Each structure stands twice: as C-alpha cells, then as structure tokens.
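S.K.: Sequence first, predicted coordinates after that:
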Amino acid sequence: MTGSNNGGVCSNKGVYLKLTVLFLLSTTIYVYLYSSITIQTFAIGEVMKGTISDIQRWRDKMEGWVQMIGGNGYKYDAKSVKNTSFPDTRHNVRKPEAEVRITGQNNDSALGVTNKSRLIFLPQKNIRNSISDKPEVLLTLFTSWPTKAEKYMCHNNTIRNWQQLKPLIQPILFTNEALLTEEANEKGWTVLPVRKAGRGVPILKYMYKDAMERYNSTFYAFSNGDILYSHSLIDTLKALLNSSQIPRDKPIMVVGRRTNVQDVTSAEAVSGKSVYKTANKRGKVFTVWAEDYFITSANYPWKDIPEVVIGRRAYDNWLVSNARKQKHVTVDATNTLVALHQTTKAGNQEGFKADNPEYNHNLLRRMYHQLHYGAGLTSCADYYTKYHSNGRIQIVKRTVPKSCFPV
C-alpha cells in the first residue's frame, strides 16, 4: 500500500512538471511571436508614415507646379513650394470692368460712403501711368515676419487690425512657413511666397513687384509687421488723391514717423478707433530717422531699386533720399497718419540687433560709395500733411531744411 501510494504521488508530480514545462514553453513561443508581429507592425507603420509623407510632399509640389504653369507669374524653387500654399484670389486681380473714383470734399469717412463723398464706377484704363487711375483697392499693404513666440500677440494684433481695413486696403503676408500661411489665410489675408531673399531675409523690391502683380491698387506699401493703423491711414491717402498740390505724373512716396507704445494689449488693438486712442494716450512719437512704412504710387520704379532687405538698418533713409534725388514726390504723413508701433521686450532698435545688421549699409556702400542718410529723414520730405481748422487733411509744400542736402 505504501509503495503504491508513493508511486502515485511521483506519477502526479511528473505530470505537473510536464504541464509546467509545456506552459512555460507555450508562453515563451507566444511572447516571441507577439513581439515579432508587433515589431513588424511598427516597422510597417513607420514605412506607411514615410510613404504618406512622401505623397503629401509630391502633392504640394504638383500644386505649386500647376499654379506656376497656370500663369500666376511667380518663379520659385521646390523648396519654397514645399512649405507654402496660398488661396486662389485671382478673382481680385486687376478687374478691368470698373474702377473707383472718390469724389466730394468729405474725407472724414474711412470705409463708408456719405452724402458728400460717393464712389463712382467708371471704365478702368488698361495702363496705369499715374495716381489719377483709381482702382477699387486703395492700398495693397504687405509685410513679412518669422515665427517668434514672444511676438505672437503682436503679430496677431496686426493680422486683426489690418483685416479690419478691408475692402479699401488689401493685406498680404509674405512667408514660406506653412503654419503662418494657414493662420493668415484663415483670418482673411492673402499669402504670397518669399521668392527672393538676402541671407534669409525678404528683398524689398520683389515684394513690391509681386504685390503689384497680384493686385491692382492706387498705392502699394511695405510696413513693418508690428505696426497698427487707424482709419487715419485711409483718410490721409484719400486727401492725397484729392489734393491739387501733388503732381499727378510723378512717382510718389509717403513716409512718416511711428508712435511707440509699450506692450499693446488685444483690447487696445481691437479696432482702428482704439488704436488711435491708445496712440494718443500712451504713445511717444519716435525719431525722424526711423521709417516703418513706405507707401508708393503704382508708377513707382521699384525695378531700379537695389536689392536691400527688410528689417535691417539703412535702407529706409536711403529709399527716401533716393526718391528725393530722382525728383519723385515725397510726403511726410506724420501729422495725420497714426502708425502705432507695438514695442515689446526687443525694444525700439530691433534692426540694430538682428543678424547681419550692416547688410544693407554694406550693399549700398559698394554701389554708391558716398551715402548721406541724413537726406532721407521724414523731415526732409518735400510735402507734409496737416489738419486744417475745419478738420480736413491738407497737403502742404515744405521748406526743406539745409541739413537735408546734398541728396
């Protein structure tokens, strides 16, 4: 009996041992197979992600080639196309059916039409030789900026502020950054690629040429991306069009001093009226040396301008001095045009702190050897704007200071 019982116990232990070994072996095989399948699935997933990414890149390239072949007038490389997309707004380009002529004496209305100021649609001329041709867009206003976290609120204020000036003013952002393109498009801006740059910074003359190719307007202007405007911008340009002091057959450049305001809030930038109020309440008018916007007529010869870049010193004063030298009409709009500069931690001399701050100066010195930047101050402009006692804006001929010579 005893031996028989011990044999049964041993037999049972043998069975348990075999089952345990079989279980461990099965578990090992399962883990191996599961790991192998998981690794392969992950690898396949990564391959698929790469394939999808390649397809998206080729799609973007094809869209860019189609747009280029379709006649939008731009020549740019695949690198620019890959990171850039912009909406088809060609329905806004150079409409030949009509133009807008602003008549009457009332220049107080920025966007509306009053009894004393009305819009008359007339057949538009095919060739624009002077500012007497008035398309339906008064000003094409463009800028460019890189993505910077510390500038997000500032640039968001600008996008909202400029958008409110439509339809008389058409805003454009030049960028090759996909996220900026998407954000600006969503908020109603036109986005164009930066097709020519110097040391990674947009070249000014090509921005003007591309904006002119895209839109037909009376004026075109580059402005720094941290500048906010009130309706005084529109009022000043309308006064300029109605002025008998300005020659109609000469190219025009309008500049002016900006008003610095520290840490502008979203509430202060919510409307043109609040911008105007904030500038008067907290702002300080900056030096005559600084020029942050350049409003030029459609016949301004940008093709003859050197390839200076934005955001670096020297080009602003040179542009004004060159306009004076070429006998173009120069206007200082400081007294009537509020240009609020959103001052951040970067301060009011960002151009001196940027990479390659002497880029423009070195370029101009190689071309012209002798430079007199003092001839290109806002105070050197041949004309200036002011408010008449009746509240209307006047264009007045200036006695230019001796310090503004020679040009």
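M.R.: Looks like it arrived, so ask away.

S.K.: When you work out contacts or count neighbours from here on, use the C-alpha atoms and nothing else.
M.R.: OK.

S.K.: any idea which helix or strand comes after the helix or strand bottoming out on mean pLDDT in the chain?
M.R.: Least confident helix or strand, the chain: strand 117-122 with a mean of 29, by mean pLDDT, DSSP states H and E. Sequence-wise, the next helix or strand downstream of strand 117-122 (DSSP states H and E) is strand 137-143.

S.K.: outside of the helix or strand following that following strand, which residues touch it?
M.R.: Elements were assigned by DSSP H and E; along the chain past strand 137-143, the next helix or strand is helix 152-163. Helix 152-163 is contacted from outside by 169-171, 184, 187-189, 225-229, 264, 266, 269-272, 342, using CA atoms under 8 Å, 6 or more residues apart in numbering.

S.K.: one more time with 7 Å, if that's ok
M.R.: 171, 188, 225-228, 266, 269-271, 342 (CA atoms under 7 Å, 6 or more residues apart in numbering).

S.K.: Surely D292 and G225 touch.
M.R.: No - D292 lies out of contact with G225 (CA atoms under 7 Å); the separation is 9.1 Å.

S.K.: Which one of the two is surrounded by more residues?
M.R.: G225 (24 against 20; other CA atoms under 10 Å).

S.K.: where are the low-confidence patches of the stretch 201-350 of the chain?
M.R.: 346-350 (pLDDT under 70).

S.K.: one more time with 90, if that's ok
M.R.: 248, 344-350 (pLDDT under 90).

S.K.: Please identify the one among the contacts of helix 152-163 that lies nearest to K18.
M.R.: Comparing the contacts of helix 152-163 against K18 with CA to CA places G188 closest, at 74.9 Å.

S.K.: quick one: that closest one and S223, what's the gap?
M.R.: 18 Å (CA to CA, to the nearest Å).

S.K.: residues near S403, how many?
M.R.: Neighbours of S403 (other CA under 10 Å): 12.

S.K.: Quick check: buried residues in the helix or strand containing Q342?
M.R.: For Q342, the enclosing helix or strand under DSSP H and E is strand 339-343. Using 16 or more other CA atoms under 10 Å as the test for burial, strand 339-343 gives 339-343.

S.K.: quick one: which two of the contacts of helix 152-163 are the most distant?
M.R.: G188 and Q342 (21.7 Å).

S.K.: what about the strands in the stretch 151-300 of the chain?
M.R.: Remark: strands assigned in the stretch 151-300 of the chain by DSSP state E, counting those that start in this stretch are 169-174, 190-192, 197-198, 201-202, 217-223, 227-229, 252-255, 259-262, 284-285, 293-297.

S.K.: Show me what the fourth one pairs with in its sheet, parallel or antiparallel.
M.R.: Meaning strand 201-202. strand 197-198 (antiparallel) (DSSP bridges).

S.K.: what's in contact with the strand it pairs with?
M.R.: By CA under 7 Å, 6+ apart, the list of residues contacting strand 197-198 reads 203, 309.

S.K.: what's the answer for stretch 220-237, then?
M.R.: 107-108, 110, 139-145, 154-155, 158, 161, 272-273, 275-276, 292-298, 336-342, 393.

S.K.: quick one: terminal-to-terminal distance for that stretch?
M.R.: Stretch 220-237 end-to-end distance (CA to CA) = 11 Å.

S.K.: Over to stretch 200-218?
M.R.: 30 Å.

S.K.: quick one: buried residues of it?
M.R.: Neighbour count says stretch 200-218 has 201-208, 210-212, 214-218 buried, by 16+ other CA under 10 Å.

S.K.: How about stretch 174-186?
M.R.: Neighbour-count burial for stretch 174-186, counted by 16+ other CA under 10 Å, picks out 174-177, 180-182, 184-185.
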